[in-house]
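**Q** here is a sequence with its predicted model. Questions after.
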Amino acid sequence: MAITTTTEFLTNFETSVPNTLHDVIAQAVDHYPSHELAFITSSAHDSTIQTKSFSTFNQYVRSLARAMLEWGKPTGSVVVVYLTEHEDNMAAVWACLLAGYVPCLQPALSAQQAHKEGH
């Protein structure tokens with residue numbers, strides 16, 4: 001079943017509204033496991049786009065969240081996220097939230113000189 005509009009997407013969730021971030025991710029994976037997220041690869045000079053299915057991204061995020069929990073930091077701890085790839089940044093933000101941490105996103109500069117000069 002292909003979702004073509006935001007209204008259609010939201011209507012499909014009306015029967016079981018997610019209560020937590022975990023629920024949001026789990027429902028997206030359950031309903032649309034093969035849908036993809038697209039990430040611009042900032043380290044590539046041509047800014048290629050990499051895709052990852054909801055299911056694969058979910059597995060990556062949950063694995064990262066489990067690793068973060070092994071740090072033993074208290075819930076609510078601030079985690080500074082500074083990674084070079086957009087996909088890694090987004091995974092780290094979601095993992096922080098799932099693990100109960102507060103992500104502080106510090107976006108990395110693009111590998112492209114023109115982008116760096118624009119900052």
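**A** Perfect, I can see it now. These numbers come from a predicted model, not from an experiment.

**Q** can you give me the helices in the chain?
**A** Remark: helices assigned in the chain by DSSP state H are 6-13, 21-31, 54-69, 86-99, 113-118.

**Q** who's Pro103 bridged to?
**A** Taking DSSP bridges as the rule, Pro103 bridges to Val79.

**Q** winner for burial among the helices of the chain?
**A** Across these, averaging neighbours per residue (mean count of other Cβ atoms under 10 Å) puts helix 86-99 on top, at a mean of 20. In short, each C-beta sits where N, CA and C put it, glycine included.

**Q** tell me what it is packed against?
**A** On a contact count with 3 or more Cβ pairs under 8 Å, 6 or more residues apart in numbering; DSSP states H and E, helix 86-99 meets helix 21-31, strand 36-40, helix 54-69, strand 78-81, strand 102-105.

**Q** ok, and what's touching it?
**A** Contacting residues not belonging to helix 86-99 are listed as 21-22, 25, 37, 39-42, 50, 52, 57, 60-62, 64-66, 68-69, 79, 81, 83, 102-103, 105, 107-108 [Cβ atoms under 8 Å, 6 or more residues apart in numbering].

**Q** what do you get if the cut-off is 7 Å, keeping everything else the same?
**A** If you take Cβ atoms under 7 Å, 6 or more residues apart in numbering as the criterion, helix 86-99 is touched by 21-22, 39-40, 42, 50, 52, 57, 60-62, 64-65, 68-69, 79, 81, 83, 102-103, 105, 107.
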